[in-house]
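Asker: here is the input, now give the coordinates:
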Amino acid sequence: GILSPATRTLALISAGLGLVACVAGSAMYRRMPTKRSREHAVAGAVLGVQALLLVGVLLWFRAGDPERFAFHFFNLEKLEGYGGAFLRAAKNTVILAFVGEAGGIVLGLILAMLAISSRAVVRAPARVYINFFRGTPLIWQLSTIYFLFLFGFRIRFSTFVVAMIVFALNTAAYAAEVFRAGIQSVERGQMEASRSLGMSYLQAMRYAIVPQAIRRVIPPLMNEFVILIKDTSLVIALGLAVSELELYNLARQGYADTFNATFFVAAAAGYLAITLPLIGIVNAVERRLRSGLVGVV
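Answerer: Model prediction:
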């Protein structure tokens, strides 16, 4: 269909209309009597530019070899029999990300409390941990910590368990910085008011400061969860059993079996099916928090 004469004619017509909209919107913008009409003129010009760009990409793509591209990336026949495997891989992806995020949040909150301590001997180890895990690649951490357990401590964890542990350790470093920023964003008067009521420092943190900070850090923590879902593909450095494969590793296995990249497109669709609802939740939570409400639920 992309190579048909009708598509080419439609593309050229669209390019012409886009050019007209771009020129007309730009020329009429300053002569519009109201702000609403000026916004319409700007929108028309922008849509014209977008049409020109899309048509240019389409014509460029037509000049290549679309049939070969479609055979290697959109050959759905190659996916027959892999439906159950992709569902299992999606479940494994969510498990890896969820366990890593949950463990990272708990450890990250502890690290944040240590990192804001006024005592250097308490603060320094937390800063070393945070800087180390933020400053080294996740794929390096997966490989090194796996062999640390295996040869250093002689503990034989499965690669799936090691991956969850490393994801939790890595996420903790980023969650700690998020919590630290959230705690320090709470007004100093909140701590002073809590101490004036007779609370100890730990009681003030538990009942007054941390609950407010958690409300403020929910959106960035959920964004970290979305990022971690995509980072689960790095477990390729360890290798997984067939029943433990996540989306990217399953796609890689399917490509090795068939030499067809449609599996990678299916993996991308799986990641989008998981992350897009989460991104929608993040946006909804941010809107609710911006509304000034004191709670999320």
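
Asker: count of residues packed around L111?
Answerer: Burial of L111, expressed as a neighbour count using other CB atoms under 10 Å, amounts to 24. Every residue, glycine included, has its C-beta placed from N, CA and C.

Asker: middle-most residue in this protein, spatially?
Answerer: I227 (2.8 Å; CA atoms, centre = their mean).

Asker: buried residues, the lengthiest helix in the chain. List them.
Answerer: Secondary structure assigned by DSSP state H gives helix 83-115 as the longest helix of the chain. Neighbour-count burial for helix 83-115 flags 85-86, 88-90, 92-93, 95-97, 99-101, 103-105, 107-109, 111-115 (criterion: 16 or more other CB atoms under 10 Å).

Asker: using CSV, write out every CA atom in the following helix or strand past that helix.
Answerer: Sequence order places helix 120-135 as the next helix or strand after helix 83-115, per DSSP states H and E. Only the C-alpha atoms of helix 120-135 are listed here, as CSV (Å, rounded to 0.1, in the frame of the first residue of the first chain):
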residue,chain,number,x,y,z
ALA,A,120,29.4,13.1,59.2
VAL,A,121,30.0,9.5,60.3
VAL,A,122,26.4,8.7,59.7
ARG,A,123,26.1,10.7,56.5
ALA,A,124,29.3,9.5,54.8
PRO,A,125,28.5,5.8,54.2
ALA,A,126,25.1,6.7,52.8
ARG,A,127,26.6,9.2,50.4
VAL,A,128,29.3,6.6,49.3
TYR,A,129,26.5,4.1,48.6
ILE,A,130,24.4,6.6,46.7
ASN,A,131,27.3,7.9,44.6
PHE,A,132,28.6,4.4,43.8
PHE,A,133,25.3,3.0,42.5
ARG,A,134,24.4,6.2,40.7
GLY,A,135,27.9,6.5,39.2
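
Asker: between helix 83-115 and helix 120-135, find me the angle.
Answerer: 150 degrees (axes from the mean of the first three to the mean of the last three CA atoms, to 10 degrees).

Asker: other residues contacting helix 120-135?
Answerer: 111-112, 114-117, 141, 169-170, 172-174, 176-177 (CB atoms under 8 Å, 6 or more residues apart in numbering).
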